[in-house]
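S.K.: attaching a predicted model along with its sequence, questions to come.
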Amino acid sequence: MAKPQNPDAARLADLAAQLRHHDELYYRQAEPEIGDAEYDELWDRYQRLADELGVPAADRHQRTPGDDHSEGFQTHRHRQAMLSLEKANTEAGFFAVAGEDVAAALVPAEREQRRRTAWGKLEAWERARRKDLELADDAPLALTLEPKIDGMSVSLTYVGGDLTLAVTRGNGVEGDIITNQVRESGAVPLTVREQGRFEVRGELYLPRAAFDALNRELAAAGGKLLVNPRNGCAGLMKRKDAEALRGKGVRSFLYSIPPGGHDAALPASQWQRLTWLKEQGFATHAGAQRVAGMAAAYAACLAFTAERGQLDHDIDGMVIKLDDTRAYDALGVTEHHPRWGIAYKFPPERKATRLNGVIVQVGKTGRLTPVAELEPVFVSGSTVARASLHNFAEVAAKDIRVGDLVIIQKAGEIIPQVVEVDLTQRPSGAVPVPWPERCPTCASAVVVERRTDKNQKEFITHFCPNPACADQVRERLRHFGSRGAMDIRGLGPAAIDKLVATLGVVRPDQLYALRADQLEGLEVEPDANGVQRTFGAKSAANLVAALAGSKSRGLAHVLAGLAIPNLGEKLSEDLAGHFGSWAKLREFARDYLADEPRAALAIRKLVPKPRLLAYAQAAAVDVPAKATREDILAAMQAVGMRPLAGIDETVADVVFATLLNPAMLAVIDGLAAAGVALEAERSVGQQVAAIAGKSFVLTGTLPTLTRGDAEALIKAAGGKTVGSVSKKTDYVVAGEEAGSKLDKAKELGVAIIDEAGLRALLGGG
């Protein structure tokens, strides 16, 4: 049966694909293309359209958490997740003057415009917290402001006055243990006055002077210079040789003690807790303030912008918290952020410079991207000579010309981008940037893809259609070997260039046929001093060993490495976990493309109800003609028809068609022949009937299980944990000092169990 196109559904899928793309770049590769404001605008557009289409929250794109895990480090599960804060920023083009936020009084009253400004988001957050806490509009609301350090998040545990554990944020649930590194760095006190157990969280950072000294040291040794102090700090703290951190200048600011993570008697005010931390010997930020109400907080944020440049360290905003920490447990958390705090984000720093030229880069999917060549200018901590222009349609829309004076900023404080042109400074000989007609690498005729959204906004992308294009080949191989995919150490850009040019490697499966004797002696790019380098016997053997080791990564890593549009790490994990093997995934893809009803029903996120009903009836699912969408889905679930998570029709059409493309099948067959595992890594957990599908809230301190241990047991058994109690909660697991969540469970009649009850549900495990 034909699949009618739903323009709104297709647009939603496109927005989700863009979000997945930017999640991948930001969290996994630390190479964002767009700034936080642009990402949040994209997220808001996605949510508004999903609301219009009535897409359930569980079926929507979820923001992918970051992960700073490094190979060779042991991990530790946090007692409470280290979540990011909700962000308040002004979206691009909305009521900011010369890149700076305006005072609250100058923000327009019109609701839609207001909600797209930092002030609008802050006042909405304040209204929500007043409602949550049942406060009157004129009741005082004490807030604490703290500068938002652009560093590396860390959790420190002290027992008996001694530092016993230091852990990175990781993916928010578990992080890397860096206790020795923290001790040797001298960034935090090793002993404190408090003898009770407590956990404190904060940021490790590298002052600018220490960062400059580290780069001078790297330059003298012929090493690659660091981009910014944040990356420099992260690199230092992941050094295996902890003693090497002595004297490098790493410092810290500590600012929070998570609920339930302490035996110490603490004040009930965040402001007073900062004082308590200072008394213990921790560094707290001198810029912290206590104010009454969000209007005062926003004014203080704007005022602090001027002080930003006077600090010896980088900050990218201000954190605003409820001062009364007793409210934190009652407010709880969402899947992504706590409700007791919000981060005001500074608009990115902007600088003017001259555009000297535009070059064209070719990506792994053939996408052509214009890149600006600039007069070097210092912005947000480093000198910039190149900047992203995103796409040629945007270049035309902004009327960017070679010779113009352009304004640049850094997306995510990392990737430079051109945001506008100073037309008052345009020289008479400024040259428009032409759209490419030929690929700059292989000279293939360029393909132009045009899409129009529901608001008639046109999206234009240029592609090189030649999969054998040398730049595409190199980028695909680089992606295949990247950390988020097959994680092949030693397969860097220089090595790939030589493998392609000298040994004729053009497909990922061909990498596994390489021998050490082929690699030894291959010349790669000169070092920083101009000395030609070659593959030595050791580096050649190491690369061959790394390739062999990558064969067991599993199906999810293979799928993520194939450079298929819309198929990122999370969806690769979902597909591998659902099907278990490449053979079953391939069979499903064939059924889906043939419009087989049971396969089509697995991709149900955006399927309109009439077609959903038709598919269900064709698959012999017993549903009444007047059934609701929920009735249909329940009937399908009852007969074992599990949905595919994280994918809709538009994405499925592209992903499955690409997987079954003859060229892609040849690559996958080649990987199988080379001994690369095409099965999913299996969890040791086994679903337990009493737990599977159930929702749990954990509160208080359990006798023998940490919160992280309890969460892991529940998830391994097929259940899920959530941060707040509602009528949909199945169980509240309560320990000592359970607090307001226990009261809410009693009020709603939710089942309450203790640790023994949880173990009984788990089967005594």
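M.R.: In hand now; what should we look at?
S.K.: how about the secondary structure of Glu420?
M.R.: Classification of Glu420 using DSSP: H, G, I helix; E, B strand; the rest coil returns strand.
S.K.: report how many residues lie close to it.
M.R.: 17 (other Cβ atoms under 10 Å). (Glycine included, C-beta is placed from N, CA and C.)
S.K.: which residues does it contact?
M.R.: Lys398, Val406, Ile407 (Cβ atoms under 8 Å, 6 or more residues apart in numbering).
S.K.: tell me how many other residues crowd the first one.
M.R.: Read it as Lys398. Lys398 has 16 neighbouring residues, counting by other Cβ under 10 Å.
S.K.: kindly report the same for the last one.
M.R.: Other residues near Ile407 number 17, with proximity taken as other Cβ under 10 Å.
S.K.: do Val167 as well
M.R.: Residues near Val167, counting by other Cβ under 10 Å, number 26.
S.K.: correct me if wrong: it contacts Ser155.
M.R.: Yes: counting by Cβ atoms under 8 Å, Val167 touches Ser155, with 4.7 Å between them.
S.K.: now the contacts of Glu420 as a markdown table including pLDDT?
M.R.: What follows is those, written out as a markdown table (pLDDT from 0 to 100):
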| residue | pLDDT |
| --- | --- |
| Lys398 | 88 |
| Val406 | 92 |
| Ile407 | 89 |
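S.K.: now Leu671. Nearest residue, chain neighbours left out?
M.R.: Nearest residue to Leu671, sequence neighbours excluded (Cβ to Cβ, 6 or more residues apart in numbering): Asp509, at 4.7 Å.
S.K.: what pLDDT does the one you found get?
M.R.: pLDDT recorded at Asp509 is 94.
S.K.: hang on, it in a helix?
M.R.: Yes: judged by three-state DSSP, Asp509 forms part of a helix.
S.K.: residues contacting the residue lying closest to Gly490 once chain neighbours are set aside?
M.R.: Nearest non-adjacent residue to Gly490, counting by Cβ to Cβ, 6+ apart: Leu543, 4.0 Å away. Taking Cβ under 8 Å, 6+ apart, we find Leu543 in contact with Ile488, Arg489, Gly490, Leu491, Ala495, Leu514, Ala516, Leu519, Phe535.
S.K.: emit the PyMOL select command for whichever of the residues you listed are buried.
M.R.: To isolate the buried ones among those in PyMOL, judged by 16 or more other Cβ atoms under 10 Å, type:
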select buried, resi 488+490+491+495+514+516+519+535
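S.K.: mind checking which of the contacts of Leu543 land in helices?
M.R.: The helices, defined by DSSP state H, take in Ala495, Ala516, Leu519 from the contacts of Leu543.
S.K.: on that earlier part again, how close does the residue nearest to Leu671 get to Leu612?
M.R.: For Asp509, the distance to Leu612 (Cβ to Cβ, to the nearest Å) stands at 39 Å.
S.K.: and if you look at Ala548?
M.R.: Counting by Cβ to Cβ, the gap from Ala548 to Leu612 is 47 Å.
S.K.: so which of those two has more stuff around it?
M.R.: Per other Cβ under 10 Å, whichever of Ala548 and Leu612 has more neighbours is Leu612, with 20 against 13.
S.K.: ok, and the closest non-adjacent residue to that one?
M.R.: Ile632 (5.5 Å).
S.K.: so who does that neighbour touch?
M.R.: Lys609, Leu612, Leu613, Ala616, Val621, Val623.
S.K.: distance of the first one relative to Glu203?
M.R.: Using Cβ to Cβ, Lys609 is found at 49 Å from Glu203.
S.K.: these two: which is more packed in?
M.R.: Glu203 (24 against 11).
S.K.: quick check, the residue nearest to Gly490 in a helix?
M.R.: Yes: with three-state DSSP as the criterion, Leu543 is assigned to a helix.
S.K.: my guess is Gly281 meets Leu190, correct?
M.R.: No: using Cβ under 8 Å, Gly281 is not in contact with Leu190, being 9.4 Å away.
S.K.: what's the local residue count around Ala387?
M.R.: Using other Cβ under 10 Å, the number of residues around Ala387 comes to 23.
S.K.: after whichever helix or strand it is part of, next one along is what?
M.R.: For Ala387, the host element (DSSP states H and E) is strand 382-388. Moving toward the C-terminus from strand 382-388, the next helix or strand (DSSP H and E) is helix 392-397.
S.K.: pLDDT averaged over that following helix - what is it?
M.R.: 87.
S.K.: pull out the buried residues from it.
M.R.: Buried residues in helix 392-397, defined by neighbour count with 16+ other Cβ under 10 Å: Phe392, Ala393, Glu394, Val395.
S.K.: tell me the helices and strands packed up against it.
M.R.: Judged by 3 or more Cβ pairs under 8 Å, 6 or more residues apart in numbering; DSSP states H and E, helix 392-397 is in contact with strand 368-379, strand 458-463.
S.K.: other SSEs contacting the host helix or strand of Asp471?
M.R.: Per DSSP H and E: Asp471 is located in helix 470-480. Helices and strands touching helix 470-480, by 3+ Cβ pairs under 8 Å, 6+ apart, are strand 351-362, helix 493-503.
S.K.: and which of the contacts of Glu420 is nearest Ala306?
M.R.: Ala306 has its nearest neighbour among the contacts of Glu420 in Ile407, at 20.0 Å by Cβ to Cβ.
S.K.: what are the phi and psi values at that closest one?
M.R.: Per-residue torsions, Ile407: phi -100, psi 130 (degrees, to the nearest 10).
S.K.: please renumber so the chain begins at 644
M.R.: Shifting the count to begin at 644 puts that one at Ile1050.
S.K.: what's the domain layout of the protein?
M.R.: Domains of the chain are assigned by automatic domain parsing as 650-710, 789-988, 994-1106, 1113-1193, 1338-1404.
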